[in-house]
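# Output the structure for:
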Amino acid sequence: MTANSRCSAAEPPGLETQRREIECLLRECELRAGDSWYVVDRRWFEQWREFAETGDQNSSSFPGQIDNTELFEDLDSYRLKERLVENEDFVLVPAEAWHKLLAWYGMVDGQPPLERKVVDLPSTLKVEVYPVEIFLCLHSNMDNVITDQFSRTDNIHAIQTAMCRAFSVPPGSECRLWMKSSDSSCERLRNVHISVLDACLSSGMTVIMEMRNSDGTWPSSRPQIMRNSVEEQDSYRGQPGVCGLTNLGNTCFMNSALQCLSNTPPLTEYFLQNSYLDELNFTNPLGMKGEIAEAYADVIKQMWSGRHYSVVPRVFKTKVGHFASQFLGYQQHDSQELLSFLLDGLHEDLNRVKNKEYIELRDADGRPDQEVAGEAWRNHRRRNDSVIVDKFHGLFKSTLVCPECHKVSVTFDPFCYLSVPLPVSKERVMEVFFVFLDPHAKPVQHRVVVPKAGKVSDLCAALSDMTSVAPTQMVVADVFNHRFYKIYNADESLSCILDRDDIFVYELAQGPQEEQVLLALYLRERSHYRDYGSGSSSYGTSLFGHPLLLNVPQSSCSREELYSLFLQRLARYVRTPDPSEELEEEVEEEEDDEEELYKSQTNGISDDEQERAEAAGPSHTPNCGGSSSNSQSDGTAAPDSQPDGNQTPASAEREDAETSNGSGIPADPGPSDPGPSGGNEASSAEEGMNACADQSAAGCTEAAPEQPCVTTEEENTESKQEGACSPSPPPNENPAKRRACRQRRKKNLFTIQAVNSNGTTERGTGDGGSAVSFSSQPYVAIDWDPDMKKRFYNENEAEKYVKHSSMEVPQQQATVQLQECIELFTTVETLEEENPWYCPVCKKHQLATKKLDLWSLPEVLIIHLKRFSYTKFTREKLDSIVDFPLRDLDFSDFLLRKSLSSEEPPSRYDLIAVSNHYGGLRDGHYTSYAKNKDNAQWYYFDDSKVTYASEDQIMTNAAYVLFYHRQDKIRKPALPSPLTNSASSTHSTNNVASSTDEGEVLGASSSYITMETD
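Prediction:
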């Protein structure tokens, strides 16, 4: 057989030529990543080399067709044997040499060419003789496993394509891959464009493919996010997009922002059509590796599947917290702040620009605005190109003017939303209770107008005009939980008083200030049980009623005078006993019974003695040494409006008050105008609680009936050996005489006790004598036995108050037009000291004037109403109603470009969504209104609850973020409005959702929402 007949492809050149060409290729070809090399059996190659070196075409060493049989384990799978060694079992030849050999000698029929790729391993290039062998299976059927080989240079998409082909996956199905290693842990193969090598796939690993369910969930994550039972999930069919979001704990701000974005048609359709899959940017250092975009896409697909009452966005919440630590945990946040982060995160995750080039920005330098604006927009798109830029970004002109050299700097900057200010009033309305000096006059509730930046003296001056009481005779206090949270000085700022604080203004008696002491008086009720927790045998007490403030002359601080003064100030609701009423009690003569009696009477005086002494009149009561700070009691009782449950303590004093009384601050805010009757409600929460946990054993709940001095247990023990009718009887006085004296005493209505600002008696107060100094604000409490309180204290009368005519005048809710807010946004302002501008001419920072003008507007315009106002001195939320149009919002008057060409879009917008905030600065609740893109029906979204909404409900003083869609991009709804059957499945099924979330919907067409705060 001749050589020509053995050569299958073409007439080969001479043997010398063959040898020279092949050896030249082997010597000169270098390894380059991605190039193809071929595996050839070493024995065949050596035989060819021997044949070529002989130069004899008819030599017996003719190699024949290329034959790699010895390299295969079997001829069915043509799988390479393991542990083959280069240059011993095989040789590698470059692609050009292989094609020459194949053309000259051909190949054994049926054998595949062993093509291998050059891979770029760390610090080396290597021909991949053994490809990665991977097990492939579907998530739905993990028993059906197939094996396939892939080069380390193949991308993950090649594996996905091979799996779709092998498992006959329907075209158009949305798939995702998981990599499972030997330790059973799974990891998402997010980026299908990276190589097998970069994905760290190795032989023996398994790739699992799953297809998205029809309800928008993934089979692998459905158990974590399933909202309802399987039966309900499978049977429910609702309007796509009409789906609640479960509150995970103070996440209403996130739910509100998500509902608004979900009902933004261009963005939602972009995700529902899977357009985002081809634009995920996994390499952007400013992005989140595509994870935020994927998590958002999962939420949108579930909400728009029409298969869920509500969705649990737990995975999305986790991703947001991972990339933005400020949203970690379950604290309340701002929906606009989350919205800003989310839009920026989606933009970077979907940025079509993979490598951002450096662009040096130029100033206008007198060039026309059209030219500068076009250049700025082109530069912006060279680095930022995504669906967010396409739909949400506009351009405004910024003009800075130096106050010294008058240098004008003009730049054009992109924006994603407009934060427009609200007009701020310089006055505020305060509601306060005025307590007259006349004890028979009921407190009067006033509504006064004061300067927002004013002082407490301004409040007193405004009240003086209404009450004819001099401002110098007033003292202002904040009442909370039956005690004074703070007593204000006249020069303190009104900004520290919140609208929800319960402010009382007390009229004081006239007199020389140096001789007057301001007393704070608390009312306490003794419990029926001993306060063993305090480490003493005293009885526990709880505050009730309304505290009072009054001036007391330092010279009039005897027991008799204080007791008489308190009775006088409480005369409106404390009844004095009639002479016919018997208040005496029999006392046993035995010493043992007397000892037991003293244990329950911490003042050391029997009831009989008290009664008799009272019957004898206050003139028979001794003076207590009238300069006692802790022995002073405050005088005037006034109504206490219900404390605001969400009051954040501004000092440790308030926290101590709540701690020592065993009750914390309620979690939910009270009504804005509860009236003073709320004080009793608050006191009911404290009934039976131990208010004297740290007081002394005997001096805690009862002091001497007519003695305001603080007494300790030791002093009470000594008092057993003192005459009760004498301020300091001889210590050796006859005990029988003591008993006789006690039986002549009359029992008082209450006892007087020195306390701290929290209303509790501190252990050891008053030690060392009956007189203390007035060096600090004195607080006293009058302690009532429950039976005495029931007989002589009129709770109903104590709670009564009168409304001043100013309360009858309806408050005018401030209303501003949205156009006014936009005009404020475009007005000239001077930069603040914290944010100066560097003037390139003056070569220093200047407080330049700045003006913003709108140049071009996006398809979707987001307007953020800056309701939260923060200055150096004040913080407040503006509750003004902003009158914003639902249709035909025309921006043509606000655009700097007045002449629009035919190619430029119009500037008319329709409202599509609103994010609402109810509450104040420290707490609140977020909801949203949104219009469904398919049926054009408005819905109210309150976490997991969704109800119909009418257009007249949408404009409220809670509107916080507005979403507008340009009219030329709005499509006609594909479905009719469901209002004709308002009791249909959409409403009823949406009320079936979780009943434990914030908010409670009263009805399908109700315009009032009752809700709890977060």
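
# For this structure, give me the ranges with low pLDDT.
Along the chain, segments meeting pLDDT under 70 span 1-10, 182-184, 222-234, 513-514, 528-538, 582-746, 762-776, 871-874, 898-904, 979-1014.

# mind giving me the domain split of it?
Here the domain assignment for the chain is 15-113, 132-211, 244-422+815-969, 427-530+540-576+750-761+777-806, based on the TED database.

# Tell me if I am right that Leu911 is in a strand.
Yes. Leu911: assigned to a strand according to DSSP: H, G, I helix; E, B strand; the rest coil.

# Can you classify the residue nearest to it when sequence neighbours are not counted as helix, strand or coil?
What sits nearest to Leu911 in space, not counting adjacent residues and going by Cβ to Cβ, 6 or more residues apart in numbering, is Leu886, at 4.6 Å. Bear in mind the C-beta positions are built from the backbone N, C-alpha and C, glycine included. Of the three states, Leu886 takes coil according to three-state DSSP.

# Please tell me how far Leu508 sits from Cys496.
22 Å (Cβ to Cβ, to the nearest Å).

# Check which helix or strand Tyr78 maps to.
Counting by DSSP states H and E, no helix or strand carries Tyr78.

# For it, grab phi and psi.
Tyr78 has phi and psi values of phi 50, psi 40 when expressed as degrees, to the nearest 10.

# Surely it touches Gln111?
Yes. Here Tyr78 reaches Gln111: they are 6.8 Å apart, a contact under Cβ atoms under 8 Å.

# State the number of residues packed around the nearest residue to Ile970 once chain neighbours are set aside.
Leaving aside its chain neighbours, Ile970 sits nearest to Asp910 (6.2 Å; criterion: Cβ to Cβ, 6+ apart). If you count neighbours by other Cβ atoms under 10 Å, Asp910 ends up with 15.

# cool, Glu833 as well?
Neighbours around Glu833, by other Cβ under 10 Å: 8.

# Where do the helices of the stretch 901-1014 of the chain begin and end?
Ranges of helices in the stretch 901-1014 of the chain, per DSSP state H, counting those that start in this stretch, are 985-990.

# ok, the residue nearest to Leu911 - contacts?
Asp910, Leu911, Glu951, Ile954, Met955 (Cβ atoms under 8 Å, 6 or more residues apart in numbering).

# from those, which single one is nearest Gln846?
Ranked by distance to Gln846 (Cβ to Cβ), the contacts of Leu886 are led by Leu911 at 40.3 Å.

# List the beta-bridge partners for that closest one.
Tyr964 (DSSP bridges).

# Would you confirm that it contacts Pro885?
Yes. Counting by Cβ under 8 Å, Leu911 does reach Pro885; the two are 7.1 Å apart.

# Looking at the two, which has the bigger crowd around it?
The neighbour comparison of Leu911 against Pro885 (other Cβ under 10 Å) goes to Leu911, with 23 against 15.

# what sits against that one?
Leu911 makes contacts with Phe884, Pro885, Leu886, Arg887, Leu889, Lys931, Ile954, Leu962, Phe963, Tyr964, as judged by Cβ under 8 Å, 6+ apart.

# Out of the residues you listed, which end up buried?
Phe884, Leu886, Leu889, Lys931, Ile954, Leu962, Phe963, Tyr964 (16 or more other Cβ atoms under 10 Å).

# so how far is Asn155 from the fifth one?
Looking back up the chat, that one is Ile954. Distance of Ile954 to Asn155, computed by Cβ to Cβ: 49 Å.

# What count of nearby residues applies to Asn794?
13.

# Please name the nearest non-neighbouring residue to it.
Tyr573 is the one closest to Asn794 (Cβ to Cβ, 6+ apart), at 4.4 Å.

# same check, this time on Ser457
Counting by Cβ to Cβ, 6+ apart, Ala490 is the residue found nearest to Ser457 once chain neighbours are left out, at 4.3 Å.

# I figured that neighbour hits Asp458, correct?
No. Using Cβ under 8 Å, Ala490 is not in contact with Asp458, being 9.4 Å away.

# Please say which of the two ends up with more neighbours.
Asp458 (19 against 16).

# Isn't Ala324 up against Phe341?
Yes. Look at Ala324 against Phe341 with Cβ under 8 Å: they come within range, at 5.3 Å.

# before we move on, the earlier item: for Val242, see how far away the residue nearest to Ile970 is.
20 Å.

# ok, now Ile881?
The separation that Ile881 has from Val242, given Cβ to Cβ, amounts to 28 Å.

# Between the two, point out the one with more neighbours.
Taking other Cβ under 10 Å, Ile881 and Val242 do not tie; Val242 has more neighbours (27 against 14).

# Surely that one touches Val946?
Yes. Counting by Cβ under 8 Å, Val242 does reach Val946; the two are 5.6 Å apart.

# could you measure the residue nearest to Pro12 when sequence neighbours are not counted against Phe51, distance?
Nearest residue to Pro12, sequence neighbours excluded (Cβ to Cβ, 6+ apart): Trp104, at 3.9 Å. Using Cβ to Cβ, Trp104 is found at 11 Å from Phe51.

# who touches Trp938 in this structure?
So Trp938 contacts Tyr929, Ala930, Lys931, Asn932, Tyr948, Ala949, Ser950, Glu951, Gln953, Ile954 (Cβ under 8 Å, 6+ apart).

# again, only this time at 10 Å
Contact analysis of Trp938 by Cβ atoms under 10 Å, 6 or more residues apart in numbering lists 263, 886, 911-914, 929-932, 948-951, 953-954, 977, 979.

# One more: Trp98?
With Cβ under 10 Å, 6+ apart, Trp98 has these contacts: Ile22, Leu25, Ser36, Trp37, Tyr38, Val39, Val40, Ile66, Leu92, Pro113, Leu114, Glu115.

# Using a markdown table, lay out the residues you listed together with distance to Leu518 and neighbour count.
As requested, these are exported to a markdown table (distance: Cβ to Cβ, whole Å; neighbours: other Cβ atoms under 10 Å):
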| residue | distance to Leu518 | neighbour count |
| --- | --- | --- |
| Ile22 | 110 | 22 |
| Leu25 | 106 | 16 |
| Ser36 | 96 | 15 |
| Trp37 | 98 | 22 |
| Tyr38 | 102 | 22 |
| Val39 | 100 | 22 |
| Val40 | 106 | 22 |
| Ile66 | 110 | 22 |
| Leu92 | 100 | 21 |
| Pro113 | 103 | 15 |
| Leu114 | 101 | 20 |
| Glu115 | 98 | 12 |
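
# Give me the subset of those that lies in strands.
Those of the contacts of Trp98 mapping onto strands are Ser36, Trp37, Tyr38, Val39, Val40, Leu92, Glu115, per DSSP state E.

# anything in contact with each of Tyr78 and Gln111?
Asn68, Thr69, Leu71, Phe72.

# and the second one, how many neighbours?
The number of residues packed around Thr69, counting by other Cβ under 10 Å, is 11.

# For Asp154, see how far away it is.
Counting by Cβ to Cβ - Thr69 and Asp154 are separated by 27 Å.

# cool, and the last one?
Taking Cβ to Cβ as the measure, Phe72 falls 22 Å from Asp154.

# Thr251 too?
With Cβ to Cβ as the criterion, Thr251 and Asp154 are 42 Å apart.
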